[in-house]
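J.: What shape does this take:
(chains A and B)
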Number of protein chains: 2
Amino acid sequence: MEPVLIGGAWRAAAGVGAFHAFDPAADRALPDEFPVSAWPDLDAALAAAAAAAPALAATEPETIARCLEDYARRIEEDRGALVALAAQETGLPAEPRLNSVELPRAANQLRAAATAVRERSWLLPTIDTKAGIRSCHGPLGAPIAVFGPNNFPLAFNAVAGSDFASALGARNPVIAKAHPSHPGTSRRLARHAHDAVLAAGLPPASVQLFYQCSHEDGLRLVSDPRLGALAFTGSRAGGLALKAAADAAGKPSYLELSSINPVFVMPGALAERGLEIAGELHASCTLGAGQFCTSPGVVVLPAGTDADAFVAAAREKFAAHAPGLLLNAGVREHLEQSLAALERAGAERLVGGTAVAPGIRFEATLLRADAERFVAEPGLQREAFGPATLLVLARDAEAMRHVATALEGNLTATIYSARDGRDDAAYAALAAILRGKAGRLLNDKMPTGVAVSAAMVHGGPYPATGHPGFTAVGMPAAIRRFAALHGYDAVRDARLPQELQDANPLRIVRCVDGAWTV
Amino acid sequence: MEPVLIGGAWRAAAGVGAFHAFDPAADRALPDEFPVSAWPDLDAALAAAAAAAPALAATEPETIARCLEDYARRIEEDRGALVALAAQETGLPAEPRLNSVELPRAANQLRAAATAVRERSWLLPTIDTKAGIRSCHGPLGAPIAVFGPNNFPLAFNAVAGSDFASALGARNPVIAKAHPSHPGTSRRLARHAHDAVLAAGLPPASVQLFYQCSHEDGLRLVSDPRLGALAFTGSRAGGLALKAAADAAGKPSYLELSSINPVFVMPGALAERGLEIAGELHASCTLGAGQFCTSPGVVVLPAGTDADAFVAAAREKFAAHAPGLLLNAGVREHLEQSLAALERAGAERLVGGTAVAPGIRFEATLLRADAERFVAEPGLQREAFGPATLLVLARDAEAMRHVATALEGNLTATIYSARDGRDDAAYAALAAILRGKAGRLLNDKMPTGVAVSAAMVHGGPYPATGHPGFTAVGMPAAIRRFAALHGYDAVRDARLPQELQDANPLRIVRCVDGAWTV
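T.: Here you go, the predicted model:
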């Protein structure tokens, strides 16, 4: 049985059961056995993290930055083994996905957090010299529970991704719950994280890891008085249950839940380059077998001969696509349930929709519904996580706006419009509606990529996330999720954090008496 | 019956009852009758606000700024009548409190919001030129329900205070629920707000007002799908009930609840100037009859002869203090209940504790408990809203830290230390604990004032508020509570909000490729 990382050391779990990782390509369980932790594990993790929190909050930012960078280096040095393990546990291709995209992304994200920590760019130091009051963000000073998703074993791993880097960047201990779909990868990452923590001289319990627990113990963890906040990426049902428990205990929660990422193709764009866009849709929807939180799940088109050509082209491409490997049997089961629910809600299946062997594979799937039905039937907004897209045919521009108005909150919304300006008037009206429906508004490109950039917004209105004012990706903003706003009133200069001292010893940008200045 | 302001006009309420304001000095009801709104009023307000939201979100910031400034001017011009009405409804002194403190504060707060709106300082525009992505804060695009408190009829009024200015400053419609303790003042302020809205040409339903509703309708309002967010200032029980309803519907809520604002007097400070500090405590605790959210409700002292002298001096001053006027009979009732609960929890009453006539008055009240008892008994952390303070005697510096560790979240925490540095070592250990317990940390002054400043933090950890990362006072940060984070990915330049366009036509400070620049 693999050990858990609790209390600053690897040790045997207080387990109530065990599970195996699964190789979806071979459709068989992998040999290593991982424990399902019982409450004493979680309780011990909370106690150790709460005890470590004050020392971690008082740690020099430079030490935290070096730890994050060291961790990034260790991940890169172990590249071969990590990629092979992740590929085996998830079925995602080693090249280019895991080795050339995800692993560099994970390392660079840790480095971006280190830079933000070093530059203090997440703090927003604000000084009123006349009133003698000052404010800046600071550590929450309590453990952050990070629940990782199934679909990014490296870049969004609970013990390596943006939530992890943000929480530790704000100098809070992390209690990571690995996704049980890639426990071995998580274990290997946590080993590097732990080594980096020890090498930097951080409190050993700054990073902890367990693999699985009961639903009840998960709720108990996120509502524990010792916890600071919750970060969760995954299914809507699971996330909302944890949010309810955290809410009742007064704990902030940052969730990234389901999103159908609507794409609107305006008439001019459809006439101008419909087939090109159909190709982009196919590529985006089948990338990683569509297992992205920003996969285009709904495409809204103005009905007519251009749309007919678009649908025919997309249908052909989807039909010709070799069935993609899913992450695990659970994803396949949910996808089948979701597609069945969409069909019951009135969607017509055009192509695909069937699981196939060898391995856990699924056909690229295209569905169709008309706009009136979509507006009337909330069930058509159900996410089908995997390589599936619903085409929605609208009578005219007004009907497209009705679809936009009916949408729930999403991570992204995309508008394709003509290059020659003929869609511009209708664009404005449609964009004004979509602006309130999504965290990121895109023009003329599919939403699948989420760049690691200070300007990224990977967030959006409920129920895509739990709060529309934050982003899960992009330093320094993502770090601020795990911060408290600290005010200082008449506090003597030498007692202030350096970033607020009169002499500005760190030479950082601050807002002093209303002006940003160094 | 006074009208409500719903749907852009003053009209008769869909009422389920009526109530009168109350004159606490005369201990009698005032003649004007105000309606208790039934659900159709709230439903109409939500519908009108939701309909107004898109146009308001698309309004030029300059128009919003002028509206806020015009409203401030109207409040100042109507100074005499507003102050007289507020004084009658609350018993607060016209001078200096209402006329020279609160009314200028209310007007200046609206002007500070206008400045932040005009300068775009709440937006944090962030641009990645290489990736072609941009982000900034924008309107939530949905109505904000603002529930005002009883204790600041002007500066924290639901239709004039910081929550109001912040929500409208972010270009969201406001549905204000007046506090029923000063409905006439609220009615008069709303008239000016409405006139300013109409004069500026904003959608008429940008500001709406009702006075009272049932508990159930309040919960229904804050969980309505049309709502954007909730701001509430008031009792813990009321606020947490609303928060639970808002949470379940995925609505952000910003609460300012109870706080006991602990004050720690270190041994050196006590020896050096104990009697002076006792005088400051008396002044702070009896100001406005202690009816401040930042009134010092707990004072922690090292036991000994210096503490004995402090207690004797405070006792004398409290005993000599003329009983202060409370806001209403409800405050008196809660205060009596809270004091009885504190005594049951082990506090000893030293002086005061009794309601007296004429009018709704209450004696300045001093209680005492020892530190061990305080640590063991959470009931001693109950807020007694009014002119009451609990003195906690601790054996030594370690016992004082145990008290700090046992504290719930508060708005403020204060440390008095010696001027000659003899308390400095113990200060550091105590401040490290208190930093995690309060939004604002003070040195050597009572916490009662809340300056309107960009650097102010009027917030703190749960259960003092609902989220430790925000402040209710201080522009521009307070505005960001009612904002969504808006990302733009490959959006064509002319379609971007001006603050994100390449040419920076507004000449505002932005973070471009990692550097803050104009």
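
J.: separation between the nearest residue to A:T354 once chain neighbours are set aside and chain B?
T.: Nearest residue to A:T354, sequence neighbours excluded (C-beta to C-beta, 6 or more residues apart in numbering or on different chains): A:E363, at 5.2 Å. Where C-beta positions appear, they are placed from N, C-alpha and C, glycine not excepted. A:E363 is 30 Å from chain B, where distance means C-beta to the nearest C-beta, to the nearest Å.

J.: Regarding A:E363, what are the backbone dihedral angles?
T.: Main-chain dihedrals, A:E363, degrees, to the nearest 10: phi -70, psi 150.

J.: tell me the contacts of it?
T.: For A:E363, the contact set (C-beta atoms under 8 Å, 6 or more residues apart in numbering or on different chains) comprises A:318, A:321, A:323, A:351-356, A:387.

J.: Averaged pLDDT, stretch A:413-422. What do you get?
T.: The average pLDDT within stretch A:413-422 is 97.

J.: In it, which of the residues would be classed as buried?
T.: Buried positions in stretch A:413-422, judged by neighbour count with 16 or more other C-beta atoms under 10 Å in any protein chain shown: A:413-418, A:422.

J.: cool, stretch A:76-85 as well?
T.: Neighbour-count burial for stretch A:76-85, counted by 16+ other C-beta under 10 Å, picks out A:78, A:82-83, A:85.

J.: What score does A:H179 have for pLDDT?
T.: 97.

J.: now the helices: where do they sit in the stretch 301-450 of chain A?
T.: Listed in chain order, the helices of the stretch 301-450 of chain A (DSSP state H, counting those that start in this stretch) span A:305-320, A:329-344, A:371-376, A:397-406, A:424-435.

J.: Which secondary structure elements does the first one sit against?
T.: The one in question is helix A:305-320. Applying 3 or more C-beta pairs under 8 Å, 6 or more residues apart in numbering or on different chains; DSSP states H and E, one finds that helix A:305-320 contacts helix A:267-286, strand A:298-302, strand A:348-351, strand A:365-370, strand A:388-394.

J.: With just CA atoms, put stretch A:88-99 into CSV.
T.: This file holds the C-alpha atoms of stretch A:88-99, laid out as CSV (Å, rounded to 0.1, in the frame of the first residue of the first chain):
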residue,chain,number,x,y,z
GLN,A,88,-0.2,5.2,-18.2
GLU,A,89,-2.7,6.5,-15.6
THR,A,90,-4.7,8.8,-17.9
GLY,A,91,-4.3,7.6,-21.4
LEU,A,92,-3.2,11.1,-22.4
PRO,A,93,-0.5,11.0,-25.1
ALA,A,94,3.1,11.5,-23.8
GLU,A,95,3.8,13.6,-26.9
PRO,A,96,3.0,16.4,-27.4
ARG,A,97,0.5,16.7,-24.6
LEU,A,98,2.2,15.5,-21.4
ASN,A,99,5.8,16.1,-22.2
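
J.: Now mean pLDDT, distance to chain B and mean neighbour count too, for the helices and strands packed on helix A:305-320, in JSON lines please.
T.: Output for those, formatted as JSON lines (pLDDT from 0 to 100; distance: least, C-beta to the nearest C-beta, whole Å; neighbours: other C-beta atoms under 10 Å in any protein chain shown):
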{"stretch": "helix A:267-286", "mean pLDDT": "98", "distance to chain B": "13", "mean neighbour count": "20"}
{"stretch": "strand A:298-302", "mean pLDDT": "98", "distance to chain B": "17", "mean neighbour count": "25"}
{"stretch": "strand A:348-351", "mean pLDDT": "98", "distance to chain B": "28", "mean neighbour count": "17"}
{"stretch": "strand A:365-370", "mean pLDDT": "98", "distance to chain B": "23", "mean neighbour count": "23"}
{"stretch": "strand A:388-394", "mean pLDDT": "98", "distance to chain B": "19", "mean neighbour count": "26"}
